[in-house]
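# need a 3D model of the sequence below.
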Amino acid sequence: MSLYSISDAQLAFGHVALLDHADFSLEAGERVGLIGRNGAGKSSLLKIVAGLTKPDDGLVTRQSELSTVYVPQEPEFELDASVFDVVASGLTEARAHLDEYDEVAHKLADTSEGAEHDALLARMNALQSSLDLHDAWNWRTRVATTLDQIGLDGDARVGALSGGMRKRVALARALVVQPDVLLLDEPTNHLDFDGIRWLEDLLVTLRTGLLFITHDRAFLDRVATRIVELDRGRLLSYPGNFSAYQTRKAQQLEVEQVEAAKFDKLLAQEEVWIRKGVEARRTRSVGRIARLVEMRNERAERRNVQGNVKLDVGQGEKSGKIVAELTDVTKRYGERTIVDNFTATVMRGDKIGLVGPNGAGKTTLLKLILGEIQPDAGRVRIGTNLQVAYFDQMRAQLDLDKTLADTISPGSEWVEVNGVKKHVMSYLGDFLFAPERARSPVQSLSGGERNRLLLARLFARPANVLVLDEPTNDLDIPTLELLEELLTDYDGTVLLVSHDRAFLDNVVTSVFASEGGGKWREYVGGFSDWQIQRERSEQIAQDAARQNAKDTPKEDAPKESAAGRNAQRTVKLSFKEQRELDALPGKIAALEAEQKAVGAQLEDGSIFAKDAKEGARLSERHAAIDEELLAVLERWEELEAKRK
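Prediction:
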């Protein structure tokens, strides 16, 4: 039986049907990636599954006592609270039951036999069952264990944490509940590469049902065992990861296009027939007329694929051959070195990605390259005839009180792109903003829509250097792919900060990577090339360190006396214990091999599509192997200690 299912669901805001007779179910152990266009209704569906809202119509079925936890895009915290208290707030209900249990126990001790005594006893038994079920007796231990697992300091103040660490706090608050279903809305937002990789490793080992929204294609490929697309009000399911979805989706759209063309051709033929006159509409053709009416209704209700954003950047005059030249550049803030002795040259037409953990100084390096700030040491030479267009990740360039039209073209109804004049309504339509929304204030837009508006504003102005600071946040996948295509074909220079690995791979030709301590290094290629080169460099360094250690003469170790050796041999294991000890390495190796094989099946995800029960069984076995390994390792240590 499914953990959760919804059948024939309907949900509408105004005249737009977000869910149009949609069906969805979630099995135990599944990791479902929910994708779709911005504004399609993904977050609304997540809130329905979480029980925060209800559909307008449809049948919702969920297992009894199902525990569901929802982590929104922007979790809210008490900023002055400690991390421990915030994470423990996930167990508010369990702690309340524990307090009530203590209160009932005290009352019961002071109450004599009678109706009140029986009622208190019944309530105490019910509370005890609930506390046992949710393992609430040891809630402090659960919180401490979760903090250790997530890598958080329980004493830290939440307000002092970065965006990425706050995201970890939100996940810890959800995981401490040990939910049956975990719901995540854009979990990779604010996380750097290490944070995203950590989250991937965490999620693929969870035994809970997982439903998450993300536009990070590499994350979907690694985590999802099934892709569900919200497309024109329908929920379409595709077994496997994102790469498998792309193949099947292309085939489906091709079939859909052919069927729609056949239908339209038949409808046109029937429309011609109905207009031929009275002879064609005798009584014997009543059925055909009725079918024509039905076809007209079906065609009217058809929801076509939403058009793509039409991206076109205003090309400025060519810049000089050299855009920026940095020589031994150093920049410090207080005692912290952000850039240390960095040398690089940015040429016209380069597409450079700046990568590194949050707080490494990517934005500072950008400003040094553009000449917006001066280095403390070294020299920065800026090229000639630079026309810079800047995309700000904080969207600070947007005035929330202005209308969309005024944001794009203040004081005018026309926009000029590459020498072609366009009406601002038409230009906004290229970015999927309907004419009636052109006079709406910016503050009425969602995060993804604001990013689209900022792109529209950016591309409306001639530029030969595009500076994009986290442009991919909140953009849907079709828009991301179109932006990739535009930047690839762009003749000017691109400076890009992004944590979207697929986007970096598809756009940039070289990478400026933070190596820590203010050190930056240039790598040729995209994100994957940088990773390969970095791992190769680290391996070479490790091999060199090992070789140096071998070459270093070791001090003579004190020799053990024969008496000492004989004394050690006097303590022996029994024959049975010795055989057990000899067999343990093989047993450990077998368990590790089995765990690796089971993990590979679970990570691939196809097992859930083929056999959901087998997928659930493998998830349980994966967790059980952990416990068996721990027990075997403890026994090995015990026998080794006894032998020595």
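# residue nearest the centroid of the chain?
T188 (3.7 Å; C-alpha atoms, centre = their mean).
# tell me the phi and psi of that residue?
phi -90, psi -10 (degrees, to the nearest 10).
# that one: what's it in contact with?
G195, I196, L199, T214, D216, F219, H499 (C-beta atoms under 8 Å, 6 or more residues apart in numbering). Placement of C-beta: from N, CA and C, glycine included.
# may I ask which of the residues you listed has the most neighbours?
Among those, D216 has the most neighbours (other C-beta atoms under 10 Å), with 26 neighbours.
# I'd say that one and I196 touch.
Yes. Counting by C-beta atoms under 8 Å, I196 is a contact partner of D216 at 7.3 Å.
# anything in contact with each of these two?
Each of T188, R501 lies in contact with both D216 and I196 under the rule C-beta under 8 Å, 6+ apart.
# alpha carbons of stretch 205-216, in PDB - could you do that?
Extracted in PDB, the C-alpha atoms of stretch 205-216 (Å, rounded to 0.1, in the frame of the first residue of the first chain):
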ATOM      1  CA  THR A 205      20.800   6.600   2.600                       C
ATOM      2  CA  LEU A 206      17.400   7.700   4.200                       C
ATOM      3  CA  ARG A 207      14.700   5.000   4.500                       C
ATOM      4  CA  THR A 208      11.900   7.600   4.500                       C
ATOM      5  CA  GLY A 209       9.700   8.400   1.500                       C
ATOM      6  CA  LEU A 210      11.100  11.600  -0.100                       C
ATOM      7  CA  LEU A 211       9.300  14.100  -2.300                       C
ATOM      8  CA  PHE A 212      11.400  17.100  -3.300                       C
ATOM      9  CA  ILE A 213      11.300  20.100  -5.600                       C
ATOM     10  CA  THR A 214      14.500  21.200  -7.300                       C
ATOM     11  CA  HIS A 215      15.800  22.600 -10.600                       C
ATOM     12  CA  ASP A 216      19.300  21.200 -10.000                       C
END
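# where does that stretch sit relative to the chain's centre, distance-wise?
8 Å (C-alpha atoms, centre = their mean, to the nearest Å).
# next one: stretch 633-644
The answer for stretch 633-644 is 43 Å, by C-alpha atoms, centre = their mean.
# mind listing what's buried in it?
Neighbour counts over stretch 633-644 (16 or more other C-beta atoms under 10 Å) mark W636, L639 as buried.
# following the least confident helix or strand in the chain by mean pLDDT, which helix or strand shows up next?
Lowest mean confidence among the helices and strands of the chain (mean pLDDT, DSSP states H and E): helix 562-569, at a mean of 46. If you walk from helix 562-569 toward the C-terminus, the next helix or strand you reach (DSSP states H and E) is helix 575-604.
# and L480, which helix or strand is it part of?
In this assignment (DSSP H and E), L480 forms part of helix 477-489.
# helices and strands around the helix or strand just after that helix, which ones?
Following helix 477-489 in sequence order, the next helix or strand is strand 493-497 (DSSP H and E). If you count contacts as 3 or more C-beta pairs under 8 Å, 6 or more residues apart in numbering; DSSP states H and E, strand 493-497 packs onto strand 336-347, strand 351-355, helix 362-370, strand 465-469, helix 501-507.
# at 7 Å instead, please
strand 351-355, helix 362-370, strand 465-469 (3 or more C-beta pairs under 7 Å, 6 or more residues apart in numbering; DSSP states H and E).
# using TSV, lay out the ones you listed together with distance to L206, mean pLDDT and mean neighbour count.
Converted to TSV, the helices and strands packed on strand 493-497 look like this (distance: least, C-beta to C-beta, whole Å; pLDDT from 0 to 100; neighbours: other C-beta atoms under 10 Å):
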stretch	distance to L206	mean pLDDT	mean neighbour count
strand 351-355	28	93	23
helix 362-370	31	90	21
strand 465-469	32	87	22
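# now tabulate those in JSON lines and tack on distance to A109.
As requested, the helices and strands packed on strand 493-497 are arranged in JSON lines below (distance: least, C-beta to C-beta, whole Å):
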{"stretch": "strand 351-355", "distance to A109": "63"}
{"stretch": "helix 362-370", "distance to A109": "63"}
{"stretch": "strand 465-469", "distance to A109": "64"}
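# measure the residue nearest to the centre of the chain to Y70 for me?
Using C-beta to C-beta, to the nearest Å, T188 is found at 17 Å from Y70.
# how about L120?
Distance, L120 to Y70, using C-beta to C-beta: 35 Å.
# just the strands from the stretch 1-150 of the chain, written as ranges.
Secondary structure of the stretch 1-150 of the chain (DSSP state E, counting those that start in this stretch): strands at 4-13, 16-26, 31-36, 57-62, 68-71.
# again with the stretch 201-350 of the chain
Remark: strands assigned in the stretch 201-350 of the chain by DSSP E, counting those that start in this stretch are 209-213, 226-231, 234-239, 322-333, 336-347.
# the last one: which residues count as buried?
When burial is assessed from 16+ other C-beta under 10 Å, strand 336-347 yields the following buried residues: T337, I338, V339, D340, F342, A344, V346.
# may I see those residues arranged in JSON lines, with distance to G586 and pLDDT as well?
Output for the buried residues of strand 336-347, formatted as JSON lines (distance: C-beta to C-beta, whole Å; pLDDT from 0 to 100):
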{"residue": "T337", "distance to G586": "51", "pLDDT": "92"}
{"residue": "I338", "distance to G586": "52", "pLDDT": "93"}
{"residue": "V339", "distance to G586": "53", "pLDDT": "93"}
{"residue": "D340", "distance to G586": "50", "pLDDT": "93"}
{"residue": "F342", "distance to G586": "52", "pLDDT": "94"}
{"residue": "A344", "distance to G586": "53", "pLDDT": "93"}
{"residue": "V346", "distance to G586": "57", "pLDDT": "93"}
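# E580: which of the strands of the stretch 201-350 of the chain is closest?
Closest approach to E580 among these (C-beta to C-beta): strand 209-213, 39.6 Å.
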